[in-house]
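Enquirer: return a 3D structure for these sequence lines:
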Amino acid sequence: MTEHARRAALGHTPAPPPEPAFPDPAKLFADMLFDPPAGPDAAIAGPARDALTYRRVRWLHERISGEDPLLHHPAYLRELLELAAMVDPSVFHVLFLHHCMTLGPALDFGASPEDIAGLALGPAIGAALMTEVGLGNSSAGIRTEAVWDPVGEAFDLHTPDAGASKYPPNVGLRGVPRVAVVGARIVVDGVGRGTGLFLVPLRDAAGPCQGVVITPRPPTGLLPLDYAAVRFDHVRVPAARWLRDGATITVPGGHHDPLDPAARSRRSQGQSRFAWGAIATGMAAVTRAATAIALAHAHRRRTVGRFDPQTPALAHRNQQRALFGAHAAALTATVLARRATDLCWRLPVHRAADRGLPPATMRTASLLKVTTDRLAEQAVSRCRRACGAFGFFAENRLIDYQGLAMAFNAAGGDNQLILLDAGWSMATGVEYEPPAAPDDPQAPDASGRSAAPLERHGWAGLFRARERLLHEELVERLRIGAERGTDPFVLRNDCADAAERLGEAHAARITVEALIHDARSMFGHRVAEPVLDDLCLLRVLEEVSAHDGRLLAAGLLTVDEVRTLSARIDAVCARLAPHARALIDLLDVPPGLVRGALAGDDPIGDLTT
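Expert: Predicted coordinates:
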């Protein structure tokens, strides 16, 4: 093991590592191994399709793996995941689970240097086993138990009943060695100590490890992988494989943890942050790829109609709105993804003091995941519709991208629940202060409305005012309910919509502020500033248009401003239309890697031969 990797694994301050000579990801994904199956193999599914996925992952690992985890090289990991998502969403999924959801907690919670090096080098591929079939998508209230055995100085990992089976990790394919970070309720001397994390081998090339029961599930069409249900039948886990994160157990069984059981469970659930950075990266990537495919198709396609013989498709306003709007979403998601990886992939410097991210940072990180996923799903759907029947077929890639975006509605944390949690935490003041009302002499009323909310200098003020008013509304409703003695569940249930809207407003404010602060520095050297500013404006106008009624009711927009929103969007699209080629280039989708028929130079030939 390198000295850098060893010091990092032990929680010591590492010297900056020398950057290894990683192979260019674009050249890796250009290999013929990543060409879509053709001929008789074109329709492969189930285990055959899964085997191809893992063959591709192993091939990549043979060329990029070393003792130093890729999380120590976030720029390279980000590029690798971006291209994987564009080329093969299933490969992306396996890669991020290994490099982020297995190695991330191992590094963050203090796995041994030998285990970290083993994960980084392979051959076992990592997975995360948190959710249980009886709890749906929730990782709270985990019932899998890890009971401390003081005699053997190990944990007994056991699934008490079928409802506690881990579901649905992608670990079902035979012949592929797998290891997982497993969430289980720690029990010492009969007392529950919260949810802990364990590094557990699941299967080797010969089959499942002793006591691990893996039941493959039927193949699925969207994001195809080897999904399974997993049970543990008294699996012995050595103490060294407990990701203890500062907790200790002394013989014969004294348990010491700097966190109480509830805080320990929250800390273990916080491993999702490593996923959020990866998910945001993948969502931004597929949004860019889908937009590049659809925009190039519309740029060369001619339409035939009563009033528009042989008119370029992109001359039509509905195509412009769909595809330039998708482009604005792609740019926005890319800005947010960069922020997400910067936040989510932080690793501890002093493990005794660093126990995850502060609540406010975790809230922001989770909302970046939600926002990029929603932007991706909406944008890819627009691209599919703009391509007509072509958008339905997998050979044109768009349905694969939409499947990936749909998967992350729930995977990595349910989007709606994240928004609700954000709203509740802000309403109760968990590391949060609402945006202050501006001291603006031009503000015409108490709402804090600026004189020009739809101009660039007024965007931040508009979204801050929206968030502030929704916060005030929710806090007041909770206060009145509490004073009246309303049952806490009933009160929260009645206020759930308001909490979700507050979470959405906070996410929208974060997004707009990120565009204002980051878009020009990230993209300004690659496209004319007026074009870039119009893309940002289009994203803001679409967000405003989605909530124009409430903004009007709150006094944050005037009637005339609402009435002219559609015309403003059309005007932006008209200004962007002459720059379609430059917009495609701005998406940074390497030519040839996407491999969809619509993305090629001869789509008609590719679709008919």
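Enquirer: packing partners for the host helix or strand of Glu472?
Expert: Assessed by DSSP states H and E, Glu472 sits inside helix 456-483. The helices and strands touching helix 456-483, judged by 3 or more Cβ pairs under 8 Å, 6 or more residues apart in numbering; DSSP states H and E, are helix 415-427, helix 488-494, helix 496-523, helix 529-546, helix 548-553. Bear in mind the C-beta positions are built from the backbone N, C-alpha and C, glycine included.
Enquirer: just give me the longest strand of this protein.
Expert: strand 191-204 (DSSP state E).
Enquirer: I'd like the distance from that strand to the chain centre, please.
Expert: Mean C-alpha position of strand 191-204 versus that of the full chain (Cα atoms, centre = their mean, to the nearest Å) differs by 24 Å.
Enquirer: could you do stretch 85-95 as well?
Expert: On Cα atoms, centre = their mean, the centre of stretch 85-95 falls 13 Å from that of its chain.
Enquirer: got the CA coordinates for that stretch in CSV?
Expert: Taking Å, rounded to 0.1, in the frame of the first residue of the first chain, the C-alpha atoms of stretch 85-95 are listed here in CSV:
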residue,chain,number,x,y,z
ALA,A,85,-23.3,7.2,-17.9
MET,A,86,-23.3,8.3,-21.5
VAL,A,87,-22.0,5.1,-22.9
ASP,A,88,-23.7,2.4,-20.7
PRO,A,89,-25.9,3.5,-17.8
SER,A,90,-25.7,0.0,-16.3
VAL,A,91,-21.9,0.2,-16.2
PHE,A,92,-22.2,3.7,-14.6
HIS,A,93,-24.4,2.2,-11.9
VAL,A,94,-21.9,-0.6,-11.0
LEU,A,95,-19.0,1.8,-11.1
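Enquirer: output the below-cut-off pLDDT ranges for the stretch 1-150 of the chain.
Expert: Scanning the stretch 1-150 of the chain for pLDDT under 70 picks out the ranges 1-20, 39-42, 137.
Enquirer: per the record, what domains does the chain have?
Expert: 3-122, 126-269, 272-586 (automatic domain parsing).
Enquirer: what's the average pLDDT for the longest one?
Expert: Per-residue pLDDT values over domain 272-586 give a mean of 93.
Enquirer: helix, strand, or coil at Val594?
Expert: Under DSSP: H, G, I helix; E, B strand; the rest coil, Val594 falls in the coil class.
Enquirer: got a list of what the spatially most central residue of the chain touches?
Expert: With distances taken as Cα atoms, centre = their mean, the residue of the chain nearest its centroid is Ile279 (2.3 Å). The contact partners of Ile279, taken as Cβ atoms under 8 Å, 6 or more residues apart in numbering, are 96, 369, 372-373, 408, 411-412.
Enquirer: and what of Val304?
Expert: With contacts taken as Cβ under 8 Å, 6+ apart, Val304 has the following neighbours: Gln310.
Enquirer: circling back: out of the helices and strands packed on helix 456-483, deepest packed?
Expert: helix 415-427 (a mean of 21; mean count of other Cβ atoms under 10 Å).
Enquirer: for that one, C-alpha coordinates in CSV please.
Expert: Provided in CSV are the C-alpha atoms of helix 415-427 (Å, rounded to 0.1, in the frame of the first residue of the first chain):
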residue,chain,number,x,y,z
ASN,A,415,-36.7,12.6,-4.0
GLN,A,416,-40.0,13.5,-2.4
LEU,A,417,-38.9,12.4,1.1
ILE,A,418,-35.7,14.4,0.7
LEU,A,419,-37.7,17.5,-0.1
LEU,A,420,-40.0,16.9,2.8
ASP,A,421,-37.0,16.4,5.2
ALA,A,422,-35.5,19.6,3.9
GLY,A,423,-38.7,21.5,4.5
TRP,A,424,-39.2,20.2,8.0
SER,A,425,-35.5,20.8,9.0
MET,A,426,-35.7,24.4,7.8
ALA,A,427,-39.0,25.0,9.5
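Enquirer: packing partners for that helix?
Expert: helix 359-386, helix 456-483, helix 496-523.
Enquirer: is it possible to get CSV of those helices that adds distance to Gly270?
Expert: Output for these, formatted as CSV (distance: least, Cβ to Cβ, whole Å):
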stretch, distance to Gly270
helix 359-386, 6
helix 456-483, 24
helix 496-523, 18
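Enquirer: looking at these, which is nearest to Gly605?
Expert: Of all these, helix 359-386 sits nearest to Gly605, with 21.7 Å by Cβ to Cβ.
Enquirer: next structured bit after the closest one?
Expert: Per DSSP H and E, the first helix or strand lying C-terminal to helix 359-386 is helix 398-407.
Enquirer: helices or strands next to that following helix in the packing?
Expert: Counting contacts by 3+ Cβ pairs under 8 Å, 6+ apart, helix 398-407 packs against helix 89-96, helix 272-300, helix 359-386.
Enquirer: for Cys344, which of these is the nearest?
Expert: Taking these one by one with Cβ to Cβ, helix 272-300 is closest: 3.3 Å.
Enquirer: buried sites along the closest one?
Expert: Applying a neighbour-count criterion of 16 or more other Cβ atoms under 10 Å, one finds 272-299 buried in helix 272-300.
Enquirer: same deal with stretch 382-394?
Expert: Applying 16+ other Cβ under 10 Å to stretch 382-394 flags 382-384, 386-387, 390-391 as buried.
Enquirer: ok, now stretch 331-345?
Expert: By 16+ other Cβ under 10 Å, the buried positions in stretch 331-345 come out as 331-341, 343-345.
Enquirer: quick check: Asn409 touching Lys369?
Expert: No. Counting by Cβ atoms under 8 Å, Asn409 does not reach Lys369; the two are 10.8 Å apart.
Enquirer: look at these two and report which has more neighbours.
Expert: Per other Cβ atoms under 10 Å, whichever of Asn409 and Lys369 has more neighbours is Lys369, with 28 against 16.
Enquirer: out of everything not next to it in sequence, what's closest to the more buried one?
Expert: Trp276 (4.0 Å; Cβ to Cβ, 6 or more residues apart in numbering).
Enquirer: give me phi/psi at Asp226?
Expert: phi -90, psi 60 (degrees, to the nearest 10).
Enquirer: ok, it - how many residues close by?
Expert: So Asp226, with other Cβ under 10 Å, has 26 neighbours.
Enquirer: which ones are touching it?
Expert: 47, 50, 170-173, 216.
Enquirer: rerun at 10 Å
Expert: By Cβ atoms under 10 Å, 6 or more residues apart in numbering, the contact set of Asp226 is 46-47, 49-51, 53-54, 90, 94, 168-174, 176, 178, 214, 216-217, 219.
Enquirer: how about Thr220?
Expert: 45-46, 168, 227, 403, 407.
Enquirer: same check, this time on Ser138
Expert: Applying Cβ under 10 Å, 6+ apart to Ser138 gives the contacts 130-132, 269, 413-414, 417.
Enquirer: ok, the closest residue to Tyr167 other than its chain neighbours - how many residues close by?
Expert: Leaving aside its sequence neighbours, Tyr167 sits nearest to Val133 (Cβ to Cβ, 6+ apart; 3.9 Å). The number of residues packed near Val133 is 14, by other Cβ under 10 Å.
Enquirer: mind checking how far Val133 is from Pro169?
Expert: For Val133, the distance to Pro169 (Cβ to Cβ, to the nearest Å) stands at 11 Å.
Enquirer: who touches both of those two?
Expert: 229-230.
Enquirer: secondary structure added to the contacts of Ser138, as TSV?
Expert: As requested, the contacts of Ser138 are arranged in TSV below (three-state DSSP):
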residue	secondary structure
Met130	coil
Thr131	coil
Glu132	strand
Gln269	helix
Gly413	coil
Asp414	coil
Leu417	helix
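Enquirer: any chance of the contacts of Ile279 in TSV, plus distance to Leu121?
Expert: Putting these into TSV (distance: Cβ to Cβ, whole Å) gives the following:
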residue	distance to Leu121
Phe96	18
Lys369	29
Thr372	31
Asp373	32
Phe408	29
Ala411	27
Gly412	26
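Enquirer: please pick the buried ones from those.
Expert: Neighbour counting by 16+ other Cβ under 10 Å classes 96, 369, 372-373, 408, 411-412 among the contacts of Ile279 as buried.
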